[in-house]
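K.L.:
Predicted model and sequence below, questions to follow.
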Amino acid sequence: MNVQEGKEKFLQSWGALGSSWGINRTMAQIHALLLISPKALSADDIMEELQISRGNVNMNLRALIDWGLVYKELRAGERKEYFIAEKDMWEVVKHIIIQRKKKELEPMIKVLDELANVQGSDEETQQFVQVVKDIRLFSNKADATLDSLVKADSNWFIGTFMKMIR
């Protein structure tokens, strides 16, 4: 396999992985392209490489910037904007965790907090309240664990992970 074939396979695989993070395939492919690019790319470069529209590129670049996965790189004397991906994989993982927490876990915890106020003494209500309580407890522990993970440095995480898999 040559480097071009490897690049194509990586772009496709990272695009498929992106849907697991809760982002669309194109956004993930733009991220992948910027990850493997040795230099910052313009929107035109991305359009050409991935064969997608300017609007699609611009919309997804804004989202990647919002996620903290891509940064603008300004060049003196250039009117074009250039974009570069965060290359530190620990930082990438932390930004993904932060966004997924904000998008998925925090809204669920808010709903569970509201559901904790359900009133009633019949068996159905008691069962409902107990299930909500259990899920809420687990969700709050997951939230605290993810907060700790985001605050941790990569050496601590890798050391802890290696101890767990031994």
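P.N.:
Everything's here; your move. Numbering: from 1, shown residues only.

K.L.:
Tell me where the model's unsure across the chain.
P.N.:
154-162, 164-166 (pLDDT under 70).

K.L.:
what residue lies at the spatial centre of this structure?
P.N.:
residue 96 (2.7 Å; Cα atoms, centre = their mean).

K.L.:
Touching, that one and residue 21? I think so.
P.N.:
Yes. Assessed by Cβ atoms under 8 Å, residue 96 is found in contact with residue 21 at 5.6 Å. To be clear about C-beta, it is placed using only N, CA and C from the backbone, and glycine gets the same treatment.

K.L.:
on that earlier part again, what backbone torsions are found at the residue nearest to the centre of the chain?
P.N.:
Recorded main-chain torsions at residue 96 are phi -70, psi -40, according to degrees, to the nearest 10.

K.L.:
tell me the contacts of it?
P.N.:
Residues near residue 96 by Cβ atoms under 8 Å, 6 or more residues apart in numbering: 21, 67, 69.

K.L.:
and residue 71, helix, strand or coil?
P.N.:
Per DSSP: H, G, I helix; E, B strand; the rest coil, the local secondary structure of residue 71 is strand.

K.L.:
check contacts around it.
P.N.:
Contacts of residue 71 by Cβ under 8 Å, 6+ apart are 65, 83-86.

K.L.:
Residue 106 too?
P.N.:
Contacts of residue 106 by Cβ under 8 Å, 6+ apart are residue 143.
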